[in-house]
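In: compute the structure for the input listed below.
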Amino acid sequence: EVQLVESGGGLVQAGGSLRLSCAASGFNSNGYAIGWFRQAPGKEREPISCISSTESSTYYADSVKGRFTMSSDIAKNSVYLQMNNLKPEDTGVYYCGVGNPAYGLCSADYWGQGTQVTVSS
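Out: Residues are numbered from 1 along each chain as shown. From the prediction side, this is the model:
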């Protein structure tokens with residue numbers, strides 16, 4: 001059973017930083033796509049940053065390039081999202097998702113419970 005547990009969200013002022021963590025278990029370590037996704041109020045969930053075991057590149061949404069950095073610790077089966085220079089428009093629920101890389105870098109079939117990030121102006 002795939003389990004994803006996010007942590008690290010919170011309330012921060014614009015310009016501040018947060019670091020999200022996702023602890024993953026039960027997924028296929030030989031072939032996976034894993035990423036961070038955001039669902040802003042009233043909007044659909046969108047990919048923010050994704051990696052896979054089959055590609056060396058990292059995807060970043062245009063809105064977060066230069067501010068967010070995704071990293072991974074394979075030994076801990078964990079991925080992280082360092083978010084700097086946060087803006088009010090970064091507010092939303094952040095989800096960790098994992099899927100089959102054959103369907104794309106940001107493929108996700110399993111989701112964590114999400115962690116709320118609120119950026120005040």
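In: please, which helix or strand holds the residue most central in space within the chain?
Out: Among the residues of the chain, the one closest to the centroid is residue 36, at 1.7 Å (Cα atoms, centre = their mean). Assigned by DSSP states H and E, residue 36 falls within strand 33-39.
In: which elements pack onto that strand?
Out: Here strand 33-39 touches strand 18-25, strand 46-52, strand 68-73, strand 78-83, strand 92-99, going by 3 or more Cβ pairs under 8 Å, 6 or more residues apart in numbering; DSSP states H and E. Any C-beta I mention is one placed from the backbone N, CA and C, and that applies to glycine too.
In: contacting residues around it?
Out: Residues outside strand 33-39 that contact it (Cβ atoms under 8 Å, 6 or more residues apart in numbering): 20, 22, 24, 27, 45-54, 59, 70, 72, 79, 81, 90, 92-101, 103-108, 114, 117.
In: got a PyMOL select line for the buried ones in those residues?
Out: Remark: buried members of those, expressed as a PyMOL selection using 16 or more other Cβ atoms under 10 Å:
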select buried, resi 20+22+24+27+45+47+48+49+50+51+52+59+70+79+81+90+92+93+94+95+96+97+98+99+100+101+104+105+106+107+108+114+117
